[in-house]
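Participant: Got a predicted structure plus its sequence, pasted below:
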Amino acid sequence: MAKIRTRFAPSPTGALHIGGLRTALYAYAMAKHSSGDFILRIEDTDKKREVPGSKEKIKELLTLEGLKWDEYYEQSKRVEEGIYKKAAEKLVAEEHAFYCQHKGRNAKEEGYSKELRDSCRDLGLKEGAIKLKVSDGEKISFTDFVLGKEVSWDTSTVADTTLLKSDGFPTYHLAVVVDDTDMNVTHVLRGHDWMPSTPVHLLVYKYLGYKVPEIGHLTDILDPEGGKLSKRKGSTSLDGLLSEGYLPEAILNFVMLLGWAPKDNREQFSLAEFVKTFDPSGFQKSNPIFNKEKLDWFSGEYIRRTQNSNLKSQIWEFLGKKYPAELIEQTIPLVKERMKKLSDYWSMAGFFFEEKRPDMALFGSDYKKHLTSAHEALLRIDTWNKASIDDALMNEVKDNLFNTGDFFMDLRVAITGGKFTPPINDSIVILGKEETLSRIKKII
RNA sequence: GGCGCCAUCGUCUAGUGGCCCAGGACACCAGGUUCUCAUCCUGGUAACCCCGGUUCAAAUCCGGGUGGCGUCACCA
């Protein structure tokens, strides 16, 4: 099988979103499945929109997710080499492009027309921006490897598009073609929002005499409320998801299935397994909706299968490194199967670190009897372990004819401050005799 | 509005003319395990957008509707 070369080409204009992560993942998987190379190319030709630090953030997050790139480029550095300008001028010389000095208008504005956009085509200007001179009445097409079908346009519907800005920087349309050709990219994988500009690229390839790579357009991930997933609606940036406490591997696994599915419908994949299984025929054609409940499930699954010591480190870091790692590790077995996110740890096990004052309304009517009895029984215990605590407490329930559930619930609330908690006796073992008795006493 | 893409349970999807009165997963509901919650186990509700056509046979092929999404900058 021929080696596939792919690239992920984000612009450093903000946070990396799950859509971007997905594009990177698929591109990575395609390349690696064929033992080929994955390229990271930062498209920073619009200096006005560049957000400081986002370049580094992108690299950090891709690394966190295990998407290692084999080559790295920054487009702005290539501008200095003059390659884009040269290509654009070549097109002008061959009459496939022309200089233009007026700016296009937004199609939503009144009076917009393609003709207006193209109107400086025959002015014979010698400077300004360079626009593509699109021929009329020609059919231009390509076969999309995601859709698995040919897509075509009549060039009469394609506008003369700017290729080189007057500041000498290329627009995306020129830069992708030149870069993908230079970098020997064999498969271009990008968002579906790029589909409408594909005929422009096709024409540039043709006029420049370059070989057109395989091109595929991924589905757009939709917001549950409708429309393309946006930054505003919920936190869908990778960074945001991470700070909510989702595990990186869970996010990656979740994203794998947002637009791709294997024949056997298997759902759980490590990155290595995904690369091995990956097959472009599994690409989905219709837009998926970002469904957080499924992410929650994936995250819970990953937490349950993470080694305790590893989970301990992640929780410790998530909580700001301020709580004793040893106590975290000790309590993990009690909460592990209850957690979906790292943030759940604190809400379920926080009482081990800080005493929580219970809402008195949570107690049953016999709570004083229950707690007094429990206090006495626990006080008598010399060897503080699970077996002796179980015995002591159960005997207390039997001797006093307490309702088992009510008894333990009152104890639970007194110790933890809540009704939904890890097993109470196990918790007491870890909490220790002194702290346990002290908490019960305060309520009585 | 022009151009383009898409259309199976609420959601992610399997399905490439008969094996499908449509299978799996999440979510949801019911039951079991359990001192709570959760985990785990069992069972259940729930879908082929509409209308025509082709065919002995269509979720699958074709046409037309309708709907959703994207895009139309010297932004990517």
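Facilitator: All right, it came through fine.
Participant: who's in contact with residue A:5?
Facilitator: By C-beta atoms under 8 Å, 6 or more residues apart in numbering, the contact list for residue A:5 reads A:31, A:36-39, A:183-187. From N, CA and C alone the C-beta is placed, and that goes for glycine too.
Participant: ok, residue A:378 touching residue A:391?
Facilitator: No: at 11.2 Å, residue A:378 does not count as touching residue A:391 under the criterion of C-beta atoms under 8 Å.
Participant: who has more neighbours, these two?
Facilitator: Neighbour comparison, residue A:378 and residue A:391: the larger count goes to residue A:378, with 20 against 12 (by other C-beta atoms under 10 Å).
Participant: in a helix, that's where that one is, yeah?
Facilitator: Yes: assigned with DSSP: H, G, I helix; E, B strand; the rest coil, residue A:378 falls within a helix.
Participant: returning to what we had before: ok, of the contacts of residue A:5, which come out buried?
Facilitator: By neighbour count, with 16 or more other C-beta atoms under 10 Å, the contacts of residue A:5 hold A:31, A:36-39, A:185-187 as buried.
Participant: quick one: which of those residues sit in strands?
Facilitator: Among these, the residues falling in strands (DSSP state E) are A:38-39, A:187.
Participant: So which of those residues reach RNA strand B?
Facilitator: With C-beta under 7 Å from any atom of the strand as the criterion, no member of these is in contact with RNA strand B.
Participant: what would these look like in CSV with pLDDT?
Facilitator: CSV is the format used below for those (pLDDT from 0 to 100):
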residue, pLDDT
A:38, 98
A:39, 98
A:187, 98
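Participant: Go through these and name the one nearest residue A:444.
Facilitator: residue A:38 (63.9 Å; C-beta to C-beta).
Participant: Quick check, residue A:289 in contact with residue A:227.
Facilitator: No: counting by C-beta under 8 Å, residue A:289 does not reach residue A:227; the two are 10.4 Å apart.
Participant: Name the residues of the stretch 301-444 of chain A found near RNA strand B, please.
Facilitator: Listed as neighbours of RNA strand B in the stretch 301-444 of chain A under the rule C-beta under 7 Å from any atom of the strand: A:304, A:337-338, A:404-405, A:408-409, A:412, A:419-426.
Participant: which pair in these spans the largest distance?
Facilitator: A:304 and A:404 (28.5 Å).
Participant: Buried residues, stretch A:399-418. List them.
Facilitator: Buried residues in stretch A:399-418 (16+ other C-beta under 10 Å): A:402, A:406-418.
Participant: Please enumerate residues in contact with it?
Facilitator: A:351, A:355-359, A:362-364, A:366-367, A:369-371, A:373-374, A:393, A:396-397, A:419, A:421, A:424, A:427-428, A:431, A:436, A:439-440, A:443.
Participant: Cross those against helices and list the overlap.
Facilitator: Among these, DSSP state H puts A:367, A:369-371, A:373-374, A:393, A:396-397, A:424, A:427-428, A:431, A:436, A:439-440, A:443 in helices.
Participant: and the residue nearest to residue A:208 when sequence neighbours are not counted, what helix or strand is that in?
Facilitator: Among residues not flanking residue A:208 along the chain, residue A:87 sits closest, at 6.2 Å (C-beta to C-beta, 6 or more residues apart in numbering). Using DSSP states H and E, residue A:87 sits in helix A:83-93.
Participant: pLDDT averaged over the following helix or strand past that helix - what is it?
Facilitator: Toward the C-terminal end, the helix or strand that comes next after helix A:83-93 (DSSP H and E) is strand A:97-100. Across strand A:97-100, the average pLDDT comes to 92.
Participant: Next, see if strand A:97-100 gets close to RNA strand B.
Facilitator: Yes: judged by C-beta under 7 Å from any atom of the strand, strand A:97-100 comes into contact with RNA strand B at residue A:100.
Participant: partners of that strand in the sheet?
Facilitator: strand A:129-132 (antiparallel) (DSSP bridges).
Participant: Confidence-wise, which helix or strand of chain A is lowest on average?
Facilitator: When the helices and strands of chain A are scored by mean pLDDT, DSSP states H and E, helix A:114-118 comes last with a mean of 55.
Participant: would you list every one of the helices in the stretch 51-200 of chain A?
Facilitator: For the stretch 51-200 of chain A, the helices defined by DSSP state H, counting those that start in this stretch occupy A:54-64, A:75-79, A:83-93, A:114-118, A:172-182, A:198-208.
Participant: Pick out the shakiest of those, pLDDT-wise.
Facilitator: When I compare the helices of the stretch 51-200 of chain A, helix A:114-118 is least confident, with a mean of 55.
Participant: still on that earlier bit, could you dump the helices of the stretch 51-200 of chain A into TSV with distance to RNA strand B and mean neighbour count added?
Facilitator: Below are those laid out as TSV (distance: least, C-beta to the nearest atom of the strand, whole Å; neighbours: other C-beta atoms under 10 Å):
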stretch	distance to RNA strand B	mean neighbour count
helix A:54-64	11	16
helix A:75-79	7	17
helix A:83-93	10	18
helix A:114-118	6	15
helix A:172-182	4	22
helix A:198-208	8	21
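Participant: Need the ones you listed in a markdown table (columns: distance to residue A:325).
Facilitator: Shown next, in a markdown table, are those (distance: least, C-beta to C-beta, whole Å):
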| stretch | distance to residue A:325 |
| --- | --- |
| helix A:54-64 | 21 |
| helix A:75-79 | 43 |
| helix A:83-93 | 52 |
| helix A:114-118 | 62 |
| helix A:172-182 | 46 |
| helix A:198-208 | 52 |
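Participant: Please identify which of these is closest to residue A:146.
Facilitator: Closest to residue A:146 of the helices of the stretch 51-200 of chain A is helix A:198-208 (C-beta to C-beta; 12.0 Å).
Participant: Can you list the neighbours in contact with the closest one?
Facilitator: In contact with helix A:198-208 (C-beta under 8 Å, 6+ apart) are residues A:87, A:90-91, A:94, A:96-97, A:132, A:134-135, A:140-142, A:151, A:153, A:155, A:158, A:161, A:163, A:173-174, A:176-178, A:181, A:210-212, A:215, A:217.
Participant: Which SSE is immediately downstream of that helix?
Facilitator: strand A:214-218.
Participant: Dump that next one to CSV, keeping only the CA atoms.
Facilitator: What follows is strand A:214-218, C-alpha atoms only, in CSV (Å, rounded to 0.1, in the frame of the first residue of the first chain):
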residue,chain,number,x,y,z
GLU,A,214,-7.1,13.3,-3.0
ILE,A,215,-9.5,15.5,-1.2
GLY,A,216,-12.1,14.7,1.4
HIS,A,217,-14.5,16.9,3.3
LEU,A,218,-15.5,15.9,6.8
